[in-house]
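**Q** Take a look and give me a structure for this.
(one chain, ligands or ions: 3)
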Amino acid sequence: MKLTTYCFSPTGTSRKNMMAVVKGLNPSNATHCDYTYNNIKDEGTLGAEDLALFSVPVYGGKVAPTALERMAQVRGENTPAILLVTYGNRNFEQVLVQLADFVRERGFRPIAAAALVGEHSYSNAQYPIAVGRPDAADLSSAEEFGKRIADKIQDVDKEAWEIDIARDMPQLETPEASLQAFVAFVQEYTRQQQANPVKIYPAAAPEACIHCSVCVELCPTQAIVVGCEEVTDATRCIRCCACVKGCPTGVRTFDSPFAKPLSENFQMRREPLYLL
Ligand SMILES: Cc1cc2nc3c(=O)[nH]c(=O)nc-3n(C[C@H](O)[C@H](O)[C@H](O)COP(=O)(O)O)c2cc1C
Ligand code: SF4
Ligand code: SF4
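**A** Ligands and ions are numbered 1, 2, ... in the order given. Predicted structure coming up:
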């Protein structure tokens, strides 16, 4: 079976998780379509004998919108698909259901799904959130999941492969106090935001920028221009934090107001969840 992967992963955790699953699948033939930096041209329609794998991050309880925009032209014809979402240790809510609807509309049928954990994009030294995830245990668990999918698709009854994510996907539990504290923060933030929108990347010490352009290369939406790297085009920025995590001098920072409440309320270790 030929595998085609479709991935969007600004800070690399969705890609890492995906590659661990691919390792377990051990396909004889794989094509990787990475939509993080470019809109990839039409790859052609996959057939019922192919296998597709989608891997995307969770943004605000939804699939990252840029991922869906870039993957809009992907097509299958009754093609089995593995769906992976990676989230930053808060919650993935109904994101797998959303992704399943998206791929079904394009001719795929979900046969396996996973909610995997990655270091939160907003995590920093002051407010750590799921630092270093996916770690060795996560990757080995994802690889094992890949092996289990490889076993499953040996079954000749292909109709039996299909899964019902809305009905069967396990959901997370959050302690009531953490949930209430976070919801209260979001409500207050939303109220204040209307009057006082936060600034992206206050250039605290722009002179420290060495103009290495690493941030330009890492930015999925071309919000940074070579030669003026200390500036961000707020209209293009999706706040993915790829530039922040990759900047060697620490000039690029994003003081997300969400970092503190996320770090305070979501320290409990979330484990990967699977549906097969
Ligand atoms: C704008 C934005 C919104 C996010 N929303 C959520 C969320 O709702 N729940 C969650 O657990 N993590 C959330 N995260 C964290 C990411 O899902 C997480 O860091 C993921 O590992 C990033 O994937 P990537 O490394 O492939 O870019 C959000 C991150 C960003 C940038
Ligand atoms: S990565 Fe940092 S140091 Fe390099 S150009 Fe960008 S802002 Fe400047
Ligand atoms: S400028 Fe915005 S979109 Fe570009 S890498 Fe940085 S956070 Fe992501």
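
**Q** For the closest residue to ligand 1 within the stretch 101-250 of the chain, give its distance to Ala142.
**A** Ligand 1 sits closest to Gly118 of the stretch 101-250 of the chain, with a gap of 2.4 Å, by Cβ to the nearest ligand atom. Yep, even glycine has a C-beta here, placed from its N, CA and C like the rest. Distance from Gly118 to Ala142, counting by Cβ to Cβ, to the nearest Å: 11 Å.

**Q** How about Pro128?
**A** Pro128 is 22 Å from Ala142, where distance means Cβ to Cβ.

**Q** Which of these two has more residues huddled nearby?
**A** Shown here are Pro128 and Ala142; by other Cβ atoms under 10 Å, Ala142 has more neighbours (25 against 15).

**Q** Which helix or strand contains the more buried one?
**A** For Ala142, the element it lies in under DSSP states H and E is helix 136-152.

**Q** So which elements touch whichever helix or strand comes after that helix?
**A** Following helix 136-152 in sequence order, the next helix or strand is helix 165-168 (DSSP H and E). Under the contact criterion of 3 or more Cβ pairs under 8 Å, 6 or more residues apart in numbering; DSSP states H and E, helix 165-168 touches helix 95-104.

**Q** Show which residues not belonging to the helix it packs on make contact with it.
**A** Residues from elsewhere that reach helix 95-104, judged by Cβ atoms under 8 Å, 6 or more residues apart in numbering: 52, 54, 56, 58, 61-63, 68, 71, 76, 81, 83, 85, 87, 110, 113, 115, 165-166, 169, 275.

**Q** For the following helix or strand past it, list the C-alpha coordinates in CSV.
**A** Per DSSP H and E, the first helix or strand lying C-terminal to helix 95-104 is strand 108-117. Coordinates of the C-alpha atoms in strand 108-117 are reproduced here as CSV (Å, rounded to 0.1, in the frame of the first residue of the first chain):
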residue,chain,number,x,y,z
PHE,A,108,-11.4,9.9,2.3
ARG,A,109,-12.7,7.6,5.0
PRO,A,110,-11.1,7.7,8.4
ILE,A,111,-9.8,4.3,9.6
ALA,A,112,-7.6,5.4,12.6
ALA,A,113,-7.3,8.6,14.7
ALA,A,114,-5.1,9.9,17.4
ALA,A,115,-4.9,13.0,19.7
LEU,A,116,-1.2,13.5,20.4
VAL,A,117,0.6,16.0,22.6
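
**Q** helices or strands next to strand 108-117 in the packing?
**A** Counting by 3+ Cβ pairs under 8 Å, 6+ apart, strand 108-117 packs on helix 13-25, strand 79-87, helix 95-104, helix 136-152, strand 273-275.

**Q** Now name the helix or strand holding the residue nearest in space to the middle of the chain.
**A** Taking Cα atoms, centre = their mean, the centroid of the chain lies closest to Pro57, which sits 1.4 Å from it. Using DSSP H and E, Pro57 falls within strand 51-59.

**Q** Relative to the next helix-or-strand element following that strand, what are the paired strands and their orientations?
**A** Note on strand 51-59: by DSSP H and E, the next helix or strand toward the C-terminus is strand 62-63. Paired strands of strand 62-63, with direction, are strand 51-59 (antiparallel) (DSSP bridges).

**Q** Let's test this: mean pLDDT of the partner strand, rounded?
**A** Average pLDDT, strand 51-59: 98.

**Q** and the closest residue to Gln126 other than its chain neighbours, what does it touch?
**A** Leaving aside its sequence neighbours, Gln126 sits nearest to Ala259 (Cβ to Cβ, 6 or more residues apart in numbering; 7.5 Å). By Cβ under 8 Å, 6+ apart, Ala259 lies in contact with His120, Tyr122, Ser123, Asn124, Gln126, Tyr127, Ile129.

**Q** Phi, psi for the nearest residue to the fourth one once chain neighbours are set aside please.
**A** In space, Asn124 comes closest to Ala259 once its chain neighbours are excluded; the distance is 6.2 Å by Cβ to Cβ, 6+ apart. The phi/psi pair for Ala259 (degrees, to the nearest 10) reads phi -60, psi -50.

**Q** Could you check the pLDDT of Ala259?
**A** We have a pLDDT of 91 for Ala259.

**Q** For Pro110, see how far away the nearest residue to Val21 once chain neighbours are set aside is.
**A** Of all residues not flanking Val21 in the chain, Gly146 sits nearest, at 4.1 Å (Cβ to Cβ, 6+ apart). Between Gly146 and Pro110 the computed distance is 16 Å (Cβ to Cβ).
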